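In: Prediction below, plus the sequence it came from.
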Amino acid sequence: MLLSHPAAAQTAEASSSVAQREVAFNIAGQDLNAALLSFARTAGLQVFYEADWVKGKQSPGLSGTYTPSRG
């Protein structure tokens, strides 16, 4: 990955450290869009995806302590 702006490099570094810290998740089984929004909010991350990709799909939920990259 090539980052040409110092602020972009700092943002990427901060995102990497957030993705490696353990977070306690307690997300009930639900519509996948709602589950992804809850996951992102709990993890302190931004998640980007096309809403059509998850339309009509369900999440079984996530309960436990994980790094966001493992959750």
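Out: Nice, I can see it.
In: Helices of this protein, start to end?
Out: Under the criterion DSSP state H, the chain contains helices at 6-20, 32-43, 51-54.
In: Out of the ones you listed, name the one with the poorest average pLDDT.
Out: Of all the helices of the chain, the minimum mean pLDDT falls on helix 6-20 (a mean of 51).
In: I'd like to know how far Pro60 sits from Glu22.
Out: Distance, Pro60 to Glu22, by Cβ to Cβ, to the nearest Å: 21 Å. All C-beta spots, glycine's among them, are computed from the backbone N, C-alpha and C.
In: can you check Ser63 too?
Out: 14 Å.
In: what do you get for Phe39?
Out: With Cβ to Cβ as the criterion, Phe39 and Glu22 are 14 Å apart.
In: The two: who's more crowded?
Out: More crowded of Phe39 and Glu22, by other Cβ atoms under 10 Å: Phe39, with 18 against 12.
In: Count the neighbours of the closest residue to the more buried one other than its chain neighbours for me.
Out: Closest residue to Phe39 apart from its sequence neighbours, by Cβ to Cβ, 6 or more residues apart in numbering: Ile27 at 6.1 Å. Here the number of neighbours of Ile27 (other Cβ under 10 Å) works out to 19.
In: Alright, calling it a day.
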